[in-house]
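Asks: Sequence and computational prediction follow.
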There are 2 protein chains.
Amino acid sequence: MIEPFDDEYFMKLALKEAERAFEEDEIPVGAVVVAKKQVIARAHNLTEKLTDVTAHAEMQAITSAANFLGGKYLKGCTLYVTLEPCVMCAGALYWSQLDRIVFGAKDEKRGAGKVGDLYHPKTKITNGIMENDARKLLLNFFAKKRN
Amino acid sequence: MIEPFDDEYFMKLALKEAERAFEEDEIPVGAVVVAKKQVIARAHNLTEKLTDVTAHAEMQAITSAANFLGGKYLKGCTLYVTLEPCVMCAGALYWSQLDRIVFGAKDEKRGAGKVGDLYHPKTKITNGIMENDARKLLLNFFAKKRN
């Protein structure tokens, strides 16, 4: 049986959020939170617009999903994010206790993976989903910035 | 010459914020951000009230200070916080590029120091300022919770 709501399906929605960030001249990273195959939060990086270094896509997705659920823990949820979380976001995701985190491109410079395993022991990590699309968007953004 | 605006002075203000958290039945951690010996942001933990694991005192102090300054970096600023920052907060403080971080009590369980040196290389760290007061407040809180 074909599963229409697979990781690629939801990562595409996260990529759509990243494209929105791109259009708003924000570093293009997007995220969605999914519970029972339903998107309960969508967010993209807003550090420039909000003048706030904490306004990463993941942080806002966590806050928004908790708002939706009415509880601060995101057990049973999966977060899809186009770029590997940074240390701040990995720390926030730890507190959220999600079931799964799925990310696209690895962040060689600022990814949490460089520091160690910062995620909650109960959170499963999947990476590399549509990583080329996520990376291309980022490269285009920085190329545009340089010109 | 006596310096009235020393680390103890500002940590006392952070402790006042922690006491406010205590009164609101939040884990009692408080923070202030100081620029040119002036407090530009005050915050305390609000994870319960906001139903949001990201609502730590430091996160809100960063956001509030950046709002006040109209810029997202906190260069030239010092953050005083009663408890050692967690991984999430240390990651956020990294992005903020503060001059200094001063904390009170060490967090043996969830402190960022357990993971490694997560702070920005340009940020100076001071710890142990009024640590007994900060710890006492936390111990009282958890003792109250158990009863």
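Replies: Received the coordinates, thanks. Residues are numbered from 1 along each chain as shown, chains lettered A, B, ... in the order given.
Asks: from here on, contacts and neighbour counts on C-alpha atoms
Replies: Noted.
Asks: how about the most centrally placed residue in chain A, secondary structure?
Replies: For chain A, A:V81 is the residue whose C-alpha lies nearest the centre (Cα atoms, centre = their mean; 2.3 Å). Three-state call for A:V81 (DSSP: H, G, I helix; E, B strand; the rest coil): strand.
Asks: how far away is it from B:F10?
Replies: For A:V81, the distance to B:F10 equals 38 Å [Cα to Cα, to the nearest Å].
Asks: now A:M130
Replies: Remark: distance between A:M130 and B:F10 (Cα to Cα) = 48 Å.
Asks: Pick out whichever of these two has more residues nearby.
Replies: Taking neighbours as other Cα atoms under 10 Å in any protein chain shown, A:M130 and B:F10 compare with B:F10 leading, 25 against 18.
Asks: which phi and psi does A:T78 have?
Replies: phi -120, psi 130 (degrees, to the nearest 10).
Asks: Please disregard the earlier target; I meant A:L15.
Replies: Dihedral angles (degrees, to the nearest 10) for A:L15: phi -60, psi -40.
Asks: Tell me how many other residues crowd it.
Replies: For A:L15, the neighbour count with other Cα under 10 Å is 26.
Asks: Next: A:V33.
Replies: 28.
Asks: ditto for A:L79
Replies: With other Cα under 10 Å as criterion, A:L79 counts 28.
Asks: just checking, it touches A:V102?
Replies: Yes. Between A:L79 and A:V102 there is a contact under Cα atoms under 8 Å: 6.1 Å.
Asks: got any residues that touch both of those two?
Replies: The contact sets of A:L79 and A:V102 do not overlap (Cα atoms under 8 Å, 6 or more residues apart in numbering or on different chains).
Asks: any idea which helix or strand carries the residue nearest to A:K49 when sequence neighbours are not counted?
Replies: Closest residue to A:K49 apart from its sequence neighbours, by Cα to Cα, 6 or more residues apart in numbering or on different chains: A:E26 at 7.9 Å. Assigned by DSSP states H and E, A:E26 belongs to no helix or strand.
Asks: Near A:E26, how many other residues are there?
Replies: Look at A:E26: counted by other Cα under 10 Å, it has 18 neighbours.
Asks: Could you do A:K75 as well?
Replies: Look at A:K75: counted by other Cα under 10 Å, it has 15 neighbours.
Asks: all helices of chain A, in order?
Replies: All helices of chain A, identified by DSSP state H, fall at A:7-23, A:57-69, A:87-96, A:131-146.
Asks: Chain B contacts on chain A?
Replies: Residues of chain A lying near chain B by Cα under 8 Å from any Cα of the partner chain: A:47-48, A:51-54, A:59, A:62-63, A:66-67, A:70-73, A:86-92, A:95-96, A:115-116.
Asks: What ranges in chain A fall below the confidence cut-off?
Replies: For chain A, no stretch is flagged by pLDDT under 70.
Asks: Now do A:D107 against A:L83, distance only.
Replies: A:D107 is 7 Å from A:L83, where distance means Cα to Cα.
Asks: Compare neighbour counts for these two and give me the winner.
Replies: A:L83 (29 against 15).
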